[in-house]
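Undergrad: Sequence first, then the predicted structure:
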Amino acid sequence: MASKNYPRRKFIQTGALGLAGFTIVPRHVLGKGHVAPSDKLRIAGIGAGGKGEGDLSEFSKSKNVAIVAMADVDDRAAAKSRKRFSKANYYNDFREMLDKEKDNIDACSISTPDNTHAVATLAAMQLGKHVYTQKPLTHDIYEARILTEAAKKYKVVTQMGNQGGSGDGVRRTQELVASGLIGDVTEVKCWTNRPVWPQGIPTPTGQFDIPKELNWDLWIGPAKMIDYNPAYLPFNWRGWWAFGTGALGDMACHIMDPVFRCIPILYPSSVECSVATIWKAMWDDTANQDSCPPSSIIHLSYPRTDGKPGEIKVSWHDGGLLPERPDELLPDEDFGNWDGGVLFIGSKGKLLADCYGANPRLLPTKLMKQTDLPPETLARVPEGHYLQWVNACIAGYGNAKTSSPFEFAGPFTESILIGNLAIRSWMMRNQNSKKQEDKYSGRKKLLWDAQKMEITNFDPANQFVKREYRDGWKLSL
């Protein structure tokens, strides 16, 4: 056993950040926020089925991790994780788990539907637990701002689960853009094939018995209570505003990630959109405001943060809609990949990358062989997104970095959800209102005041900044 005088710096070098050769150091020597390698990083999973099962499996690949507790509202979904991590204590309510296990856990993985991300994440942070939260970080704009502030206040290791943020591709994209080969970026176009689940459909109806293995009240979480319907579970909740954030919330955290790493932007100044119309009958296009639309296009405008004049335009296309192919791309060359892509347009040229920033290439692509490309200057993450967070937790707050800490992921998520604010405002266009100013057909540019977190020229849109929680749920620092 090492002595109490074992140097902190030496511990980090030989133990916490290395994947081998850990030094045995007791927990009390390291102080608050540190995890002794001899103890292992004790992780609790909030959401143990579906993506939660995959996340816990990834963490467990480290010999320095122990899965000690799990919470899931659906015993059916959690069955595989419970079998695999049979020694972990199991709960339905994550709040009960955090209360009873607070002295037994060091970190939490949050893999619930979007609806519950913020409340579960903040509850863990307030207990001093490191957190890994699946994308999108939150369900609404206000929640994203709260978690950004929480990261500063509680000083725990944080990571959003956009795994591509630790990939080699996004780092190579950063190096190519930073090299100046395409000049100053003035415009970026992003797109995805999502949704691949039902959207733009009528609200489910019918009476169904709640399965005995499911706690429907906990599954609903902070949202307004509705009757149980199997149409929402286990995955299709993504297409319903009460629980999910649609195609944009699901995929923009992957596809737009290199945008926020490569160009000098933070919060948008304006947003506008167009949304596919579903016709219920002749001349009846009354939007179903419960369901996300089948496709949309969003345009965001960002002030530059580097002091240069002008704004940078970022567009988003989903539901199979694509921006125009650049002339520099040959007819038979792929425009992104199956999941989507991102196109950077600069003053000197263009750069195309696939989803996650993978496979970046200058356009025309022959330039990749004809141009002196910049060397690799950014550190890669060979251990991957999951174990990067694990190692940072072991090292302790401030001693190691993650790729998507909430200081980055929070503002990034806000921008994405401002796009959803525009979509939902468009879907109100036929609401029963005698006031013309309360009607929005998608033909306005919505102006965003980031400091106040509000749309300044169309007040009805501001209802989508912060949702109302039902009784028993709250979010406060």
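TA: Cool, the structure landed. Numbers count the residues shown, from 1 in each chain.
Undergrad: what's around residue 223, how many residues?
TA: When counting by other Cβ atoms under 10 Å, one arrives at 21 neighbours for residue 223. (Glycine included, C-beta is placed from N, CA and C.)
Undergrad: Nearest residue to residue 182 in space, ignoring adjacent ones along the chain?
TA: Counting by Cβ to Cβ, 6 or more residues apart in numbering, residue 346 is the residue found nearest to residue 182 once chain neighbours are left out, at 3.4 Å.
Undergrad: Residue 365 versus that neighbour, what's the distance?
TA: Taking Cβ to Cβ, to the nearest Å as the measure, residue 346 and residue 365 are separated by 16 Å.
Undergrad: Next: residue 171.
TA: 20 Å.
Undergrad: One more: residue 320?
TA: As defined by Cβ to Cβ, residue 320 lies at a distance of 24 Å from residue 365.
Undergrad: sorry, back to before: of residue 171 and residue 365, which one has the most company?
TA: For residue 171 versus residue 365, neighbours defined as other Cβ under 10 Å are more numerous around residue 171 (22 against 14).
Undergrad: where's that one, which helix or strand?
TA: Under the criterion of DSSP states H and E, residue 171 resides in helix 168-178.
Undergrad: do residue 386 as well
TA: Residue 386 is part of helix 384-395, with elements assigned from DSSP H and E.
Undergrad: In PDB, please show the C-alpha coordinates belonging to that helix.
TA: Provided in PDB are the C-alpha atoms of helix 384-395 (Å, rounded to 0.1, in the frame of the first residue of the first chain):
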ATOM      1  CA  GLY A 384     -12.400   5.700 -27.500                       C
ATOM      2  CA  HIS A 385     -15.100   7.900 -26.100                       C
ATOM      3  CA  TYR A 386     -16.300   5.600 -23.300                       C
ATOM      4  CA  LEU A 387     -12.900   4.700 -21.800                       C
ATOM      5  CA  GLN A 388     -11.700   8.300 -22.200                       C
ATOM      6  CA  TRP A 389     -14.400   9.300 -19.800                       C
ATOM      7  CA  VAL A 390     -13.600   6.300 -17.500                       C
ATOM      8  CA  ASN A 391      -9.900   7.300 -17.400                       C
ATOM      9  CA  ALA A 392     -10.800  11.000 -16.800                       C
ATOM     10  CA  CYS A 393     -13.000  10.000 -13.900                       C
ATOM     11  CA  ILE A 394     -10.200   7.900 -12.300                       C
ATOM     12  CA  ALA A 395      -7.800  10.800 -12.800                       C
END
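Undergrad: Centre of the chain to it, how far?
TA: The offset between the C-alpha centroid of helix 384-395 and the centroid of the whole chain comes to 18 Å, using Cα atoms, centre = their mean, to the nearest Å.
Undergrad: From the contact counts, what lies against it?
TA: strand 41-46, helix 51-59, strand 130-134, strand 158-161 (3 or more Cβ pairs under 8 Å, 6 or more residues apart in numbering; DSSP states H and E).
Undergrad: Taking strand 130-134 as reference, get the angle to it.
TA: Relative orientation of helix 384-395 versus strand 130-134 (axes from the mean of the first three to the mean of the last three Cα atoms, to 10 degrees): 160 degrees.
Undergrad: The helix or strand following helix 384-395 - contacts with which helices or strands?
TA: Using DSSP H and E, the helix or strand that follows helix 384-395 in sequence is helix 406-426. In terms of contacts (3+ Cβ pairs under 8 Å, 6+ apart), helix 406-426 is packed against helix 141-154, strand 158-161, helix 246-255, helix 257-262, strand 270-275, strand 296-303, strand 446-449.
Undergrad: Could you check the angle helix 406-426 makes with strand 296-303?
TA: Here the directions of helix 406-426 and strand 296-303 differ by 130 degrees (the same axes, to 10 degrees).
Undergrad: Hmm, residue 276 is touching residue 319, no?
TA: Yes: taking Cβ atoms under 8 Å as the definition, residue 276 is a contact partner of residue 319 at 6.4 Å.
Undergrad: CSV please, covering the helices and strands packed on helix 406-426 and showing mean neighbour count, distance to residue 117 and mean pLDDT.
TA: Output for the helices and strands packed on helix 406-426, formatted as CSV (neighbours: other Cβ atoms under 10 Å; distance: least, Cβ to Cβ, whole Å; pLDDT from 0 to 100):
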stretch, mean neighbour count, distance to residue 117, mean pLDDT
helix 141-154, 20, 7, 97
strand 158-161, 28, 10, 98
helix 246-255, 27, 10, 96
helix 257-262, 25, 17, 97
strand 270-275, 22, 22, 95
strand 296-303, 21, 21, 97
strand 446-449, 19, 22, 97
